[in-house]
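Enquirer: model this:
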Amino acid sequence: MPRAARRRSSLTRYFVVVSLVATTLLGCALVWVSSSVMRQQAVRLGTVTASSVGSYAVAPLNAEMFRTGILDDTQRAAVTAATSGFKDKLVELRLWSIDGRLMYSTARNTTTGLPDNTRFERMRASGEPDARIVTDVRRLPGGSALASTEQPVLDVYVPVRAGDTSDPTTSVGVQPKDAIIGAAEVMIDQTVSQQSLADAVRTVTYVVVGGLVLLWLLLFRTVHSTSKRLHNTALENARLALLDSLTGLPNRRLLADRMRRGIQQARDEGTRVGLVLLDIDRFKEINDTLGHDRGDELLELVAERLRHSLRDEDVVARLGGDEFAILLPDVRTVENAARLAHRVRDVFGAPFRLGGMELHVETSIGVACLPDHADDASSLMRTADVAMYTAKTHRTGVAVYDADDDHSSPARLILLGDLHRALEQAESGASTELEMHYQPKIDLASGRTVGLEALIRWRHPEHGLLLPSSFIPLAEQSGLIHVVTRFALEESIRQLAAWNGQGSTTPVAVNLSAHDVATDHVVDLIETLLQRYHVPVGQLEVEITETALVSDRSRVIPVLQRLAGMGVRVAIDDFGIGNTSISQLRDLPVDQLKIDRLFIADLRDDTREGSQVVVQAMVDLAHSFGLRVVAEGVEDESTSTILARLGVDEAQGFFYARPAAPTELPVQVRLPGQRVGSGRGRRPAAPRTA
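Expert: This is a model prediction of the structure:
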């Protein structure tokens, strides 16, 4: 039996027991209260009758008789005659004097006896009749032989007042009318009354029990039907809580549960779990153009296609909006998961019919697998999400998770924390892990050193020497790039001042990020550092990428104009991969163009004759605007020769010298006009990454 059904059955039994007990207690209480009220009412009526009997009994007498406690035969006969009208109800009548002497009794052969002192005194003190129902009058003080042991009798002590008698005068004077001078003990037969009371109690009991039973049955039926409805509603709510209300697919909560189960099974069996995330490209545009109703209709059609295109064991879920997930609980390889993702994408090849129109829809799909790309359900979802956005960014349709595309991976977060620490060390003046290395730029016409490019390095305690490509993108994403740039500028200018003291005036070029040249702060920083270290403005050059220039021209160009106005030379780095037009070059405040290494590498390929034509065009264009041309990434002598023939002014690369720390840099590199070894006879070095 399901847990919910067992719980409902247990609650039903609990309600039956509790409600029956409560109903029984309520019935007993009602019967007891009703019988008590009726019994008290019978006693009150009997007491009234007894009071009447007592009044009739003492009417022929006078107060003096109650003082003496003696009645003669005539007086006894008068009492008997006065109460003869009550003989069908009267069991026995006794008259007691004020001091407790028996004056009269209807029982034969009874001339002496004592009253019940407790009741007698209570009657005298309260001035009210004292009544009690007894079943055996023989056990009363002065008990009568007239009564049966099973005969119920109402025994009432009625106070006799002087005003009740025919003459309130005694030998000691006239008694006040309300003065109690004795008592009349009246015993009234309660057989009929008790029988009537028993019948009434029985009737009330039947009515109460029947009514409560009917009430309980009605209540039970109501509670049972309500419980059943609530149970069905709870089941429906539980079902809806696990399913998407629009498409009927599992939602994020159910998918997470299936993922946990699938991952646990995969760990036990040593298998692999795959996750495919997809969303609809330009879905917001579809919603805005066609309306949300059409958007919902499209989502339902997408869910239907996905549901019928996968294996039975695969789980298709809607995560929200236009985002869907496919859980692959048993996939052999990452390649198989990628193939399935491509098959899913093919499902979107046919147009979707919305109303009277056909709509072609494209998707971006990300693929991740456990344990290849993640360790748990949360990280598997995250890595698949990273892959999906990679597919969307690069418009590849399908993308498998790649750590290089994951800018928020735990490893990168740890590296970011280490970078924070390294920069804090540098700012505090302590020994830092960040270093500046320098690579010479060679004049191709003379072969002499005409400048140096400053390149930052990070000597990480665990990962060794890291190149800028390992941490500069991380610094740009986190906002630390400004701190990195400040360190690079200050360290380079400080080194320039040190070399100036040694007689070297070789200029140094420092790379600026696109984030740096978007504001004037970098110009203020350069002015401050040049003044602090007393370095001539002409010895500092800055390099910015062409992509940074075209990304935000309105902000970058004023910054470059300020730098040029100061006398700082500006170079456009990685030229050729951006979208800078010829007319834009004419107006740019720059001094050099550095041709991107991709074009330089193509010069070594004999099958790409057009590469030399492209480079020649760049050189001629730059020279026509009075700009010097620098080629970077020169790795061999043949490339150097081709560049010189094409008219390139300067070059740098491993063919001439590797970037090195200031202490490892040859002296001739720092001195202007000195030639640098050509590198002939050396093994070709690996391409430089920074």
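Enquirer: quick one, strands of the stretch 151-300 of the chain?
Expert: Using DSSP state E, counting those that start in this stretch, the strands of the stretch 151-300 of the chain run over residues 153-161, 169-170, 173-174, 180-189, 273-280.
Enquirer: give the pairing partners of the second one; include direction for each.
Expert: Here strand 169-170 is paired, per DSSP bridges, with strand 173-174 (antiparallel).
Enquirer: measure how far the strand it pairs with is from the centre of its chain, please.
Expert: Taking CA atoms, centre = their mean, to the nearest Å, one finds strand 173-174 lying 96 Å from the centre of the chain it belongs to.
Enquirer: same check on stretch 485-493?
Expert: 46 Å.
Enquirer: which residues does that stretch contact?
Expert: For stretch 485-493, the external contacting residues (CB atoms under 8 Å, 6 or more residues apart in numbering) are 423, 426-427, 434, 436, 454, 456, 508, 510-513, 516, 522, 525-526, 529-530, 532-533, 535, 540. (Glycine included, C-beta is placed from N, CA and C.)
Enquirer: pLDDT weak spots in the stretch 551-690 of the chain?
Expert: 551, 577-585, 604-609, 667-690 (pLDDT under 70).
Enquirer: where do the helices of it begin and end?
Expert: Applying DSSP state H, counting those that start in this stretch to the stretch 551-690 of the chain gives helices spanning 553-566, 582-587, 597-602, 610-624, 637-646, 667-670.
Enquirer: need those in TSV (columns: mean neighbour count and distance to Met388).
Expert: Shown next, in TSV, are these (neighbours: other CB atoms under 10 Å; distance: least, CB to CB, whole Å):
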stretch	mean neighbour count	distance to Met388
helix 553-566	16	32
helix 582-587	11	36
helix 597-602	18	29
helix 610-624	16	36
helix 637-646	17	41
helix 667-670	16	48
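Enquirer: just put these in a markdown table and tack on distance to Pro159.
Expert: Formatted as a markdown table, the helices of the stretch 551-690 of the chain follow (distance: least, CB to CB, whole Å):
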| stretch | distance to Pro159 |
| --- | --- |
| helix 553-566 | 115 |
| helix 582-587 | 128 |
| helix 597-602 | 129 |
| helix 610-624 | 137 |
| helix 637-646 | 140 |
| helix 667-670 | 137 |
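Enquirer: of those helices, which approaches Arg412 most closely?
Expert: helix 597-602 (25.4 Å; CB to CB).
Enquirer: report all helices and strands that the closest one contacts.
Expert: In this structure, helix 597-602 makes packing contacts with helix 610-624, strand 628-632, judged by 3 or more CB pairs under 8 Å, 6 or more residues apart in numbering; DSSP states H and E.
Enquirer: Asp268: which of these is closest?
Expert: Here strand 628-632 is closest among these (CB to CB), at 54.2 Å.
Enquirer: between helix 610-624 and that closest one, find me the angle.
Expert: Angle between the axes of strand 628-632 and helix 610-624 is 150 degrees (criterion: axes from the mean of the first three to the mean of the last three CA atoms, to 10 degrees).
Enquirer: confirm Tyr104 sits in a strand?
Expert: Yes - secondary structure assignment places Tyr104 in a strand (DSSP: H, G, I helix; E, B strand; the rest coil).
Enquirer: quick one: distance of the longest helix along the chain to the chain centre.
Expert: Identified as the longest helix of the chain according to DSSP state H is helix 3-58. Chain-centre distance of helix 3-58: 53 Å, with CA atoms, centre = their mean.
Enquirer: do stretch 98-115 as well
Expert: 90 Å.
Enquirer: now stretch 270-286
Expert: Distance of stretch 270-286 from its chain centroid, counting by CA atoms, centre = their mean, is 24 Å.
Enquirer: endpoint to endpoint, that stretch covers what distance?
Expert: Terminal residues of stretch 270-286 are spaced 43 Å apart (CA to CA, to the nearest Å).
Enquirer: could you do stretch 627-635 as well?
Expert: This stretch, stretch 627-635, spans 24 Å end to end (CA to CA).
Enquirer: distance from the chain centre to that stretch, please.
Expert: Chain-centre distance of stretch 627-635: 57 Å, with CA atoms, centre = their mean.
Enquirer: coming back round to it: which other helices and strands does the longest helix of the chain contact?
Expert: So helix 3-58, by 3+ CB pairs under 8 Å, 6+ apart, packs with helix 73-82, strand 90-97, strand 130-134, strand 153-161, strand 180-189, helix 191-242.
Enquirer: mind running it again at 10 Å?
Expert: Here helix 3-58 touches helix 73-82, strand 90-97, strand 102-105, strand 130-134, strand 153-161, strand 180-189, helix 191-242, going by 3 or more CB pairs under 10 Å, 6 or more residues apart in numbering; DSSP states H and E.
Enquirer: about what we covered before: which among the strands of the stretch 151-300 of the chain is found nearest to Glu300?
Expert: Proximity to Glu300 (CB to CB) singles out strand 273-280 among these, at 12.5 Å.
Enquirer: average pLDDT for that closest one?
Expert: Confidence over strand 273-280 (mean pLDDT, whole number) is 88.
Enquirer: which helices and strands does that strand pack with?
Expert: The contact analysis (3+ CB pairs under 10 Å, 6+ apart) places strand 273-280 against helix 252-269, helix 292-308, strand 315-320, strand 323-328, helix 334-347, strand 363-370, helix 377-394.
Enquirer: any idea which of these is most buried?
Expert: Stretch with highest mean neighbour count among these: strand 363-370 (a mean of 26; mean count of other CB atoms under 10 Å).
Enquirer: what's it packed up against?
Expert: helix 252-269, strand 273-280, strand 323-328, helix 334-347, helix 377-394, strand 398-400.
Enquirer: so which of the helices and strands packed on helix 3-58 comes closest to Thr333?
Expert: Per CB to CB, nearest to Thr333 of the helices and strands packed on helix 3-58: helix 191-242, 30.5 Å.
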